[in-house]
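In: All I have is the shape, not the residue letters:
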């Protein structure tokens, strides 16, 4: 669906502002999540009911050390702003151009109205499928932790085991934990380029400059907040530009904190956080790359100008 929008953009049938307004009109699971956090805050929904729906989420879907929503206090249940959705009306001029393209490429049985309906349903459906998928993963991790806690292993220990090692005897598991911890520490010291183009790239790492995917046309100048697992509970998120490596559905709780912007190290135009920020009209630079990310994470104030595709900062 996103590729089709990009294709229509390249054909100059639509412009970037069309895509921005179109995505802003969508309702994904995140909109429902934010509505429900407000309901809990207003006493219109119990926290228990809320956790029955969202409690399985955890920052870092595959990280067994990460606490689930129902095991933590990540979420701010005080009232926060929710973007009011408006019906985005596509002009007859755009419909006519798309119908002409569909006919040109032999899609006579598909109208522009049907195509745009598909796009508007496919993007939220993809996000909902991730949400459902994470529930299975989260419960698998919970079962694994229960099984291995009986052997007095910590979550740190368990995180160093392969899923195939769960039912091995304890002495084997202890050996594997020790070996895998050492391997991990060794592997952390090996630096590779983000994209390997040839064999030489494994010996001499080329300097690569990433062009972030800028979301919205907004410009903000705000204090920064670098986020990692160790400092989640101590931070004030309100009107800050949050800096984070990458994020999956388990990080949707940050949108309950009234953040002012978002910058990530990894991620593309169709990544989880790109979709979220477009829907919620949050200025963001998604996938800024290693070098830029390291500079930004140590900054105190960032000016994020999404319309001009520019990020400046002060330390």
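Out: Happy to help now that I have it. Keep in mind it's a predicted model, so treat the numbers as computed, not measured.
In: What distance do you get for the nearest residue to residue 95 once chain neighbours are set aside to residue 189?
Out: Spatially, and ignoring its direct neighbours in sequence, residue 95 is nearest to residue 112 (4.4 Å; C-beta to C-beta, 6 or more residues apart in numbering). Where you see a C-beta, it was placed from the backbone N, CA and C, and this is true even at glycine. Remark: distance between residue 112 and residue 189 (C-beta to C-beta, to the nearest Å) = 54 Å.
In: Between these two, tell me which one has more neighbours.
Out: residue 112 (21 against 6; other C-beta atoms under 10 Å).
In: Next, give phi and psi for the more buried one.
Out: Phi and psi for residue 112, reported as degrees, to the nearest 10, are phi -60, psi -40.
In: Can you give me every residue that contacts the closest residue to residue 276 other than its chain neighbours?
Out: Take residue 276 and drop its neighbours on the chain: the residue closest to it by C-beta to C-beta, 6+ apart is residue 30, 5.4 Å away. Going by C-beta atoms under 8 Å, 6 or more residues apart in numbering, residue 30 touches 127, 252, 255, 276, 279-280.
In: Select the longest strand from this protein.
Out: Longest among the strand segments of the chain by residue count, using DSSP state E, is strand 219-226.
In: average pLDDT for that one?
Out: For strand 219-226, mean pLDDT rounds to 94.
In: who are the neighbours in contact with the residue nearest to residue 95?
Out: Contacts of residue 112 by C-beta under 8 Å, 6+ apart are 90, 94-96, 98-99, 102.
In: can we see that at 6 Å?
Out: Taking C-beta atoms under 6 Å, 6 or more residues apart in numbering, we find residue 112 in contact with 95, 98-99.
In: Tell me the predicted confidence for it.
Out: For residue 112, the predicted pLDDT is 96.
In: And it, how far from residue 138?
Out: In terms of C-beta to C-beta, residue 112 sits 40 Å off from residue 138.
In: any idea of the mean pLDDT for stretch 155-171?
Out: In the prediction, stretch 155-171 has an average pLDDT of 92.
In: List the contacts of that stretch.
Out: By C-beta under 6 Å, 6+ apart, stretch 155-171 touches 64-65, 148, 151, 176-177, 180-181.
In: Check the residues you listed against residue 53 and report the nearest one.
Out: The closest of the contacts of stretch 155-171 to residue 53 turns out to be residue 64 (C-beta to C-beta; 22.0 Å).
In: The closest one against residue 141, yeah?
Out: Yes: using C-beta atoms under 6 Å, residue 64 makes contact with residue 141 at a distance of 4.7 Å.
In: Which one's more surrounded, those two?
Out: residue 141 (23 against 19).
In: quick one, what contacts that one?
Out: Residue 141 neighbours (C-beta under 6 Å, 6+ apart): residue 64.
In: Following the chain past the helix or strand containing it, name the next helix or strand.
Out: In the assignment (DSSP states H and E), residue 141 maps to helix 112-149. Scanning forward in sequence from helix 112-149 by DSSP H and E, the next helix or strand is helix 155-158.
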